[in-house]
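Participant: Here is a sequence together with a model predicted from it:
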Amino acid sequence: MLIRNHDDGFLHPAGSEITPRAVYDNRRDLLKLMATGAAGAALAAWAGREALAQTPRPGKLAALPSVPSKVAGATTIEKLTDYKDASTYNNFYEFGVDKSDPARNAHTLKTSPWTVEVEGLVNKPGKFAIEDLLKLSPQEERIYRLRCVEGWSMVIPWVGYSLAELIRRVEPQGSAKYVEFVTLADKQTMPYVGRPVLDWPYTEGLRMDEAMHPLTLLAFGMYGEVLPNQNGAPVRLVVPWKYGFKSAKSLVKIRFVEKEPGTAWNKAAKQEYGFYSNVNPEVDHPRWSQATERRIGEDGLFAKKRKTLMFNGYEAQVGQLYAGMDLKKFY
């Protein structure tokens with residue numbers, strides 16, 4: 001992600017952050033098993049284990065119980081990123097531009113009381129208290145890959161439910177073609193809001209069919225606990241086939257609109273960050289390749305780069321959303 005300094009210039013990500021890396025992982029092991037005909041037994045054993053065991057809690061915040069998701073593609077078998085890495089290596093510019101800033105500064109964020117307002121082209125607009133959103137649908141564990149536009153990645157067990165559950169409740173009108181997401185921009189609790197980094201508040205958007213896709217997650221927790229402040233508490237978006245900046249944090253408003261909404265990074269650098277921002281190893285960022293990625297936590301002298309997967313590995317689930325589209329033009 002592009003970073004501006006306090007002089008309104010740009011700081012380019014370090015080479016170590018934009019040059020990813022591929023390692024042999026559970027996915028490669030599964031392919032080997034398939035080649036030997038042993039995949040069936042391995043998958044059965046894995047499925048049985050997963051049905052009984054949830055991700056171990058780190059014991060840092062309040063528990064957020066969930067059940068394993070049955071949504072197709074919602075659970076990868078890759079090794080999880082350590083909670084410590086996932087909660088201390090973040091982009092959340094409201095709390096600073098360095099990766100360690102959010103974990104250091106986000107303690108000032110006040111997440112209670114909290115409401116999310118739904119407005120625009122819906123039959124049932126209104127304000128939802130966070131307590132009501134938590135109860136709106138059963139909480140599920142979704143183990144997703146996370147791919148940052150900077151070229152690094154993680155595997156995170158989120159807790160939440162499909163955004164579609166909320167969308168159906170508010171009954172979008174036929175003229176609603178897009179969903180805009182507005183995040184908190186509070187100078188009192190977010191020390192970097194107001195600085196010339198982005199156009200505040202941070203906003204994001206999805207096409208209606210993207211927002212309704214079952215993999216699009218309204219997330220309230222991770223690793224079996226409520227979200228840490230630095231990860232977007234108390235509620236955020238997670239869209240696993242898109243670059244991480246599309247997954248807006250600390251949501252306060254969801255707006256249904258007819259025209260494509262402006263988004264934070266697209267407004268900041270239109271030539272570098274398109275509206276769709278689907279993970280695509282064949283479409284490079286103007287200043288670095290997107291063909292490979294480095295998995296956080298796999299830092300070693302002999303660690304190899306990972307090949308980035310089309311749609312971050314979710315092509316089978318979401319590829320049909322973009323059938324016939326020129327993905328180099330609509331990047």
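Facilitator: Received the coordinates, thanks.
Participant: ok, Gly198 touching Ala268?
Facilitator: Careful, residue 198 is Leu; it's not Gly. Yes. In this structure Leu198 lies within contact range of Ala268 using Cβ atoms under 8 Å: 5.6 Å. Where C-beta positions appear, they are placed from N, C-alpha and C, glycine not excepted.
Participant: Same drill for the two, tell me which one is more crowded.
Facilitator: The residue with more neighbours, out of Leu198 and Ala268, is Leu198; 19 against 16, by other Cβ atoms under 10 Å.
Participant: ok, the more buried one - contacts?
Facilitator: Arg4, Tyr93, Ala264, Trp265, Lys267, Ala268 (Cβ atoms under 8 Å, 6 or more residues apart in numbering).
Participant: can we see that at 6 Å?
Facilitator: Leu198 makes contact with Ala264, Ala268, according to Cβ atoms under 6 Å, 6 or more residues apart in numbering.
Participant: now swap in Ser175 and tell me
Facilitator: Counted by Cβ under 6 Å, 6+ apart, Ser175 has contacts Leu121, Glu258.
Participant: Check which helix or strand it maps to.
Facilitator: Take DSSP states H and E as the rule and Ser175 turns out to sit in neither a helix nor a strand.
Participant: how close does it get to Asp299?
Facilitator: For Ser175, the distance to Asp299 equals 49 Å [Cβ to Cβ, to the nearest Å].
Participant: what do you get for Thr203?
Facilitator: In terms of Cβ to Cβ, Thr203 sits 33 Å off from Asp299.
Participant: More neighbours: which of those two?
Facilitator: The neighbour count for Thr203 versus Asp299, taken as other Cβ under 10 Å, is higher for Thr203 (22 against 11).
Participant: I figured that one hits Thr183, correct?
Facilitator: No. The criterion here is Cβ atoms under 6 Å, and Thr203 misses it with Thr183 at 7.1 Å.
Participant: So which elements touch the top strand by length along the chain?
Facilitator: Of all segments of type strand in the chain, defined using DSSP state E, the longest is strand 152-162. Secondary-structure packing of strand 152-162 (3 or more Cβ pairs under 6 Å, 6 or more residues apart in numbering; DSSP states H and E): strand 140-147, strand 217-222, strand 292-295.
Participant: Grab the most central residue of the protein for me.
Facilitator: Nearest residue to the geometric centre of the chain (Cα atoms, centre = their mean): Val238, 3.5 Å.
Participant: Does that residue touch Leu218 like I think?
Facilitator: No. Using Cβ under 6 Å, Val238 is not in contact with Leu218; the gap is 8.0 Å.
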